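In: With the sequence up front, the predicted model follows.
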Amino acid sequence: GCYKSLLKKNSYASNVNRITDHAISRKKEIDPDILIMGTSLAYEGISVRLLNEKLVTVNLKAQSIAIPGAELLVQQMALEKALVHFKNVKYIIHVNEPETPWTVGAMVSLPTLAMASSFNQLRAIEKFKEDEYAIGLPEISYILIKLWAYRHDIADFILGPEKRIKDIGR
């Protein structure tokens, strides 16, 4: 938890935390009736501000929890995390990219491990098993010991602290 605020900007783990935490932190302003989930197509392609301006006429509010590069498993975990906080959700819009072959698969990629380990670790392991991913001790260890998930990020911080400190200062 203490390293969470120092994560490399736009790393997979950082994006998961930043996007879900931002949406939840804005609950007082936008307690959504509609949640938008998906990957970069939804994240970059839908302006929540413009959508909410249009939805005023029908008395609805939308919020996005779309995460660039997220496989379906990570998208579902983000949805589960958000629904705990957003009790008024009536509609879930899933913007899917059907032509992208990596949206679901049997082998776990490192970005997916990094993103999944940003959520509840035991739920992440359970979710990998539910979705029939081939996970073993290395993947389970990776998820349980978040430090491993952040190893490249921490190495960058140690090897080039001046750039990271500058980013943190902004």
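Out: On my side now, so go ahead.
In: C-alpha from now on. contacts and neighbour counts both.
Out: Will do.
In: And the residue lying farthest from the centre of the chain, how close does it get to residue 51?
Out: What lies farthest from the middle of the chain is residue 57; by Cα atoms, centre = their mean that is 30.0 Å. For residue 57, the distance to residue 51 (Cα to Cα, to the nearest Å) stands at 11 Å.
In: Same question for residue 132.
Out: As judged by Cα to Cα, residue 132 and residue 51 stand 36 Å apart.
In: can you check residue 117 too?
Out: Noted for residue 117: a distance of 31 Å to residue 51, by Cα to Cα.
In: Between those two, which has more neighbouring residues?
Out: Ranked by neighbour count (other Cα atoms under 10 Å), residue 117 and residue 51 place residue 117 first, with 27 against 14.
In: List the residues that contact the nearest residue to that one once chain neighbours are set aside.
Out: Of all residues not flanking residue 117 in the chain, residue 143 sits nearest, at 4.8 Å (Cα to Cα, 6 or more residues apart in numbering). Residue 143 makes contacts with 113-114, 116-117, 121, 124-125, 149, as judged by Cα atoms under 8 Å, 6 or more residues apart in numbering.
In: Can you list the low-confidence ranges for this structure?
Out: 1-11, 99-105, 146-160, 163-170 (pLDDT under 70).
In: distance of the residue nearest to residue 117 from residue 61?
Out: Separation of residue 143 from residue 61 (Cα to Cα): 34 Å.
In: same thing with residue 38?
Out: In terms of Cα to Cα, residue 38 sits 18 Å off from residue 61.
In: what about the two, which has more around it?
Out: Per other Cα under 10 Å, whichever of residue 38 and residue 61 has more neighbours is residue 38, with 26 against 22.
In: just checking, the more buried one touches residue 95?
Out: Yes. Look at residue 38 against residue 95 with Cα atoms under 8 Å: they come within range, at 5.0 Å.
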